[in-house]
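Asks: sequence first, predicted coordinates after that:
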Amino acid sequence: MKSSKSSPKRTVKSYFEEISPFDLYHQLIYMSATSAAGVSRARVFELARSLPNPSAQYFKKIHEVAENLRYNYPDAVRLVGEKAKSEDVRTFLLRFSDALRSGEPLPGFLAREADIQGQNYGNDYLRRIESLKKWTDAYASVAVSVSLIVIINMVMTMIYNVGPGMMAGLIFVAVSAAFGVAWVLFRASPQEDKSVPLAIGSKEQRRSRKWLLLTLPVLAGLYGVCTFLKVNPAWSLIAGGILFLPVGWVAQRADTRVSANDTEISAFLRSIGGTATSRGTTIKEALAAIRLDSFPALQPDIRLLDLRLKSYGNPLLCWRTFGFDTGSKLADQSIGIFYEAVNLGGDPERVGNLTSEFAMKTAMLRAQRRGVAATFAWLTIIMHTIMAGLMIFLLGILGQFALRLNAAMSGLQQGGSSSPASLGLGNMFSFSTAQVTFLSDITVMLLVVLAVVNAFAVVASEGAHLIKITWYLGILLICSGVCFLIVPPLVKFAF
């Protein structure tokens, strides 16, 4: 027990943390697998409290109440369950208390509850996917509206000098609307962590993290040089996009590999568990007996696991490293449950089937999400390119309008005609080249901000690690830069 004064505050905060259906599903699968190994009731609660899962805090409280206050477990479970914030956790703990009081065997009860919670998690996930579809449509509409606000702002400057404050206010409203909808899209989509921490993940994940740390200083230096030399913004955008693309490409490969590992880990656990039980061997020997051709994505990591185990390394460390090497948090969670339950004496086939079902259900739901996100990603890239082209096209028209308007005003003054102010037009038609330069800078800045927001929206819809933003950001910046290269010459040619 920690004796520091800050410990109770952290415990209370985590205890009242919102628990997602997946968190509870993961917790129940773990408890079902460990209880099936035949361990005691106290041991089940002791293991449940140590699981790296937000819902484990409830079982930590139960264990502390039972051990320190000498409550029996049915009363301790009910006491904690009545104070639980999450409705799913509260109802489960109350049912759990009744099952413990009636003497129902833990393995059967927890297996049944895990299956029910799995269905609840699947239904909640599908509802969120439907919500995600609607919010992706809403985001597309808002993105078009943002571009229209900017275009109207540009057209307004042709007629009346609204001043930088008004222009900045309209642009701020447009960007805030886009980011607000992107954030709502992120919150409405299924909340999940697909990847393990990048620093301990697969080779691609570690490489992407390392490259990103190297790219950011280079990008800052490039921005300073381009600003000092007054480089064409088109080349600045393209150069920034090219810098992000290598990081994004590695992050994209890492995310694709995580998805493949999510799909294969279910079959791997089922296969190794069935082999160990049918042959009456350990999982180490079963691993050496199975054919690896059936697991093309996991094959390199399985070979490394086999080599580590054969070198008489620490089995727990070997299996834990194997989970990290896959880069998939789902694979890491499933492998951790499988190894610990088998190590406690559980039947490998039964534990393998249990963890396989957990991994397969989650992987299939995530596959449906990827189908929705893939369409949205292509739509966002195309939409951003078109809107960037329209804004740059209008910017070119404004430049030509400013040149011709200044020429016309010079002719009026030389001919002795009255100025616009003397005609009662005030600030109307006071458009100048300086304003065009200001609008050009605002447009470049806005395209960069919209590229960041759009990349965030795509990654939020996919549920991938945030480092994958660099992939879409690089593509969007390059598309914006190409528009700056192609569109202005077309406008000059037309006029």
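Replies: That came through, no problem. Numbering: from 1, shown residues only.

Asks: switch to C-alpha atoms for all contacts and neighbour counts from now on
Replies: Will do.

Asks: who does the longest helix along the chain touch, helix- and strand-wise?
Replies: Longest helix in the chain by number of residues (criterion: DSSP state H): helix 348-414. Contacts defined by 3 or more Cα pairs under 8 Å, 6 or more residues apart in numbering; DSSP states H and E place helix 348-414 against helix 21-35, helix 106-159, helix 233-279, helix 329-343, helix 433-462, helix 469-494.

Asks: relative to Leu394, which of those is closest?
Replies: Comparing these against Leu394 with Cα to Cα, the closest turns out to be helix 106-159 (7.4 Å).

Asks: please report how far Val175 lies from Leu316.
Replies: As for Val175, its distance to Leu316 is 49 Å (criterion: Cα to Cα, to the nearest Å).

Asks: so where's the stretch 51-200 of the chain uncertain?
Replies: Along the stretch 51-200 of the chain, segments meeting pLDDT under 70 span 158-164.

Asks: quick check on Ser195: phi, psi?
Replies: Phi and psi for Ser195, reported as degrees, to the nearest 10, are phi -110, psi 150.

Asks: so it makes contact with His465?
Replies: Yes. Taking contacts as Cα atoms under 8 Å, Ser195 lies within contact range of His465: 6.7 Å.

Asks: looking at those two, which is more packed in?
Replies: When neighbours are counted by other Cα atoms under 10 Å, Ser195 comes out ahead of the other of Ser195 and His465, with 24 against 21.

Asks: bridged to the more buried one, which residues?
Replies: Listed beta-bridge partners, Ser195: Ser328 (assigned using DSSP bridges).

Asks: residues contacting it?
Replies: Residues in contact with Ser195 (Cα atoms under 8 Å, 6 or more residues apart in numbering) are 201, 255, 258, 327-330, 464-465.

Asks: for Leu473, same thing?
Replies: Counting by Cα under 8 Å, 6+ apart, Leu473 has contacts 241, 244, 451-452, 454-455.

Asks: next one: Cys226
Replies: Per Cα under 8 Å, 6+ apart, neighbours of Cys226: Ser236.

Asks: and Ser40, what are its phi and psi?
Replies: Dihedral angles of Ser40 (phi, psi; degrees, to the nearest 10) stand at phi -70, psi 170.

Asks: how about the one 4 residues further on?
Replies: Per-residue torsions, Val44: phi -60, psi -40 (degrees, to the nearest 10).

Asks: neighbours of Ala199, how many?
Replies: Counted with other Cα under 10 Å, the neighbours of Ala199 add up to 14.

Asks: cool, and Phe324?
Replies: Phe324 has 24 neighbouring residues, counting by other Cα under 10 Å.

Asks: Leu198 is in contact with that one, correct?
Replies: No. Applying Cα under 8 Å as the test, Phe324 and Leu198 come out as separate, 9.5 Å apart.

Asks: where does pLDDT dip in the stretch 351-495 of the chain?
Replies: In the prediction, the stretch 351-495 of the chain carries residues with pLDDT under 70 at positions 401-435, 494-495.

Asks: farthest-apart pair in the contacts of Leu473, please.
Replies: Distance extremes for the contacts of Leu473: the farthest pair is Phe244 and Asn454 at 15.1 Å, using Cα to Cα.

Asks: how far off helix 329-343 does the longest helix of the chain point, in degrees?
Replies: Counting by axes from the mean of the first three to the mean of the last three Cα atoms, to 10 degrees, helix 348-414 lies at 160 degrees to helix 329-343.

Asks: in a markdown table, list the contacts of Leu473 along with distance to Ala359.
Replies: Below are those laid out as a markdown table (distance: Cα to Cα, whole Å):
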| residue | distance to Ala359 |
| --- | --- |
| Gly241 | 36 |
| Phe244 | 33 |
| Ala451 | 35 |
| Val452 | 33 |
| Asn454 | 31 |
| Ala455 | 29 |
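
Asks: Pro54: which of those residues is nearest?
Replies: Among these, Ala455 lies closest to Pro54 (Cα to Cα), at 29.2 Å.

Asks: for that closest one, give its distance to Val351.
Replies: 40 Å.

Asks: isn't Val65 right next to Tyr71, touching?
Replies: Yes. Using Cα under 8 Å, Val65 is in contact with Tyr71, at 6.3 Å.

Asks: who's more crowded, the two?
Replies: Neighbours per residue (other Cα under 10 Å) separate Val65 from Tyr71, with Val65 holding more: 19 against 16.

Asks: show me the common contact partners of Ser195 and His465, please.
Replies: By Cα under 8 Å, 6+ apart, Ser195 and His465 have these common neighbours: Asp255.

Asks: neighbouring contacts of the helix or strand containing Arg95?
Replies: Per DSSP states H and E, Arg95 falls inside helix 87-102. Helix 87-102 is contacted by residues 19, 21, 24, 73-75, 77-78, 80-84, 106, 109, 113 when judged by Cα under 8 Å, 6+ apart.

Asks: quick revisit: name the residue in Ala455 and Val351 with the higher neighbour count.
Replies: More crowded of Ala455 and Val351, by other Cα under 10 Å: Val351, with 28 against 25.

Asks: wait, doesn't that one sit right on Gly273?
Replies: Yes. Between Val351 and Gly273 there is a contact under Cα under 8 Å: 7.1 Å.
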